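Chemist: Whatever this is, show me its structure:
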Amino acid sequence: MNNTLAPFFYPKLPIIIGHRGAYNSAPENTLISFRKAAQLGAKWIEIDVRLSSDKIPVVFHDDEVDRTTNGQGPVDRFTLESLQELDAGSHYHTDFSGEKVPTLLQTITLCIELNLGLNIEIKPNLGQAVETVTAILATINPFQEQLRGNVLFSSFNLLCLKKLVNLSPDWPRALLVNDLNKDCLTHTKALECYALNPNYNCLANIENIKSILDSGLRIIPFTVNQISIAKNLLRLGVHSIITDDLESLNSLKNYKI
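Modeler: Presented below is the predicted three-dimensional model:
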């Protein structure tokens, strides 16, 4: 375990975490999706954060706005004002027309209201790793007391995690990986990570799970949408499951091995 963390920063991880809110039930990474996750019984959600062109942390997954809004082009060409003029709900269903791209600040405020924990994936636009981390910390640090035990940062980007260690080592960190290689555990140790968040397909081999657990890391795989797979991973020692399908997998929230 990372001994540099202040005790109250240790994440109180639930068994089930809602991917981008309630991914299968509402438009991803929107306030309505976070509310829906809470309604479905989620205790934590996973979100993605990057910067608008005027350097405001916004909750948005892709590099470009095309897939999940009625706009076109890279996120980093939109000011916050222009991003929030886009419709971020209609792509999912017309019932969600007019849903907006939320800021990190709006999301934190809502999650405190709903008592939702946050796995914040840092997704910097190209060349913006340092300034993304700096802007996120400026937004979240005033809420340390309200968010104690309810935040975990994660990223595929090693520079983001290094900057997080340098600027605010108390916040817990996780390395995201799509495959397990000899460097994974080296990086997690160097970055004093609390957890490893692997693609669940990496964990087919029980020896892979054992090597991670033996290193003292928590394991939080993404994105598991089948109950049978989730149960098997939990039996093998995985700590939390990130899922699109909260409606089905939240039945495991009190799962006992």
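
Chemist: how close does residue 166 sit to residue 133?
Modeler: Residue 166 sits 9 Å away from residue 133, going by Cβ to Cβ, to the nearest Å. To be clear about C-beta, it is placed using only N, CA and C from the backbone, and glycine gets the same treatment.

Chemist: Those two: which has the busier surroundings?
Modeler: residue 133 (27 against 10; other Cβ atoms under 10 Å).

Chemist: Quick check: buried residues in the lowest-mean-pLDDT helix or strand in the chain?
Modeler: Using mean pLDDT, DSSP states H and E, the weakest-scoring helix or strand in the chain turns out to be helix 206-214, at a mean of 92. For helix 206-214, the neighbour count (16 or more other Cβ atoms under 10 Å) marks 208, 209, 212, 213 as buried.

Chemist: Return the member of the residues you listed nearest to residue 160.
Modeler: Ranking those by separation from residue 160, with Cβ to Cβ as the measure, puts residue 212 on top at 20.9 Å.

Chemist: ok, now how distant is the closest one from residue 155?
Modeler: 18 Å.

Chemist: swap in residue 62?
Modeler: Applying Cβ to Cβ, the value for residue 62 to residue 155 is 16 Å.

Chemist: Neighbour count: these two, which is higher?
Modeler: Neighbour comparison, residue 62 and residue 155: the larger count goes to residue 155, with 27 against 16 (by other Cβ under 10 Å).

Chemist: show me what contacts residue 30?
Modeler: By Cβ atoms under 8 Å, 6 or more residues apart in numbering, residue 30 lies in contact with 21, 59, 88, 89, 96, 99, 100, 101, 102.

Chemist: what kind of secondary structure is residue 120 in?
Modeler: Classification of residue 120 by DSSP: H, G, I helix; E, B strand; the rest coil places it in strand.

Chemist: Got the confidence number for it?
Modeler: Looking at residue 120, its pLDDT reads 98.

Chemist: hey, where'd the strands end up in the stretch 101-250 of the chain?
Modeler: Assigned strands in the stretch 101-250 of the chain, in chain order: 117-122, 151-155, 173-177, 195-198, 218-219, 241-243 (criterion: DSSP state E, counting those that start in this stretch).

Chemist: Check the average confidence over the fourth one, would you?
Modeler: Confidence for strand 195-198, expressed as mean pLDDT, is 97.

Chemist: quick one, which of the strands of the stretch 101-250 of the chain is packed in tightest?
Modeler: strand 241-243 (a mean of 28; mean count of other Cβ atoms under 10 Å).

Chemist: Quick check on residue 27: phi, psi?
Modeler: phi -60, psi 130 (degrees, to the nearest 10).

Chemist: Quick one, grab the pLDDT at residue 2.
Modeler: Residue 2 carries a pLDDT score of 45 in this model.

Chemist: same check, this time on residue 5
Modeler: Turning to residue 5, the model gives it a pLDDT of 56.

Chemist: just residue 254 next, same as before
Modeler: Looking at residue 254, the pLDDT reads 84.

Chemist: Tell me, how many residues neighbour it?
Modeler: With other Cβ under 10 Å as criterion, residue 254 counts 9.

Chemist: how about the nearest residue to it, chain neighbours excluded?
Modeler: residue 15 (7.7 Å; Cβ to Cβ, 6 or more residues apart in numbering).

Chemist: Would you confirm that the one you found contacts residue 234?
Modeler: Yes - if you go by Cβ atoms under 8 Å, residue 15 and residue 234 touch, sitting 6.9 Å apart.

Chemist: shared neighbours, these two?
Modeler: 241, 252, 255.

Chemist: my guess is residue 242 meets residue 17, correct?
Modeler: Yes - counting by Cβ under 8 Å, residue 242 does reach residue 17; the two are 4.7 Å apart.

Chemist: any shared contact partners between these two?
Modeler: 46, 119, 220.

Chemist: OK, contacts around the closest residue to residue 136 other than its chain neighbours?
Modeler: Closest residue to residue 136 apart from its sequence neighbours, by Cβ to Cβ, 6+ apart: residue 57 at 5.1 Å. Neighbouring residues of residue 57 by Cβ under 8 Å, 6+ apart: 49, 50, 51, 103, 104, 105, 132, 135, 136, 139.
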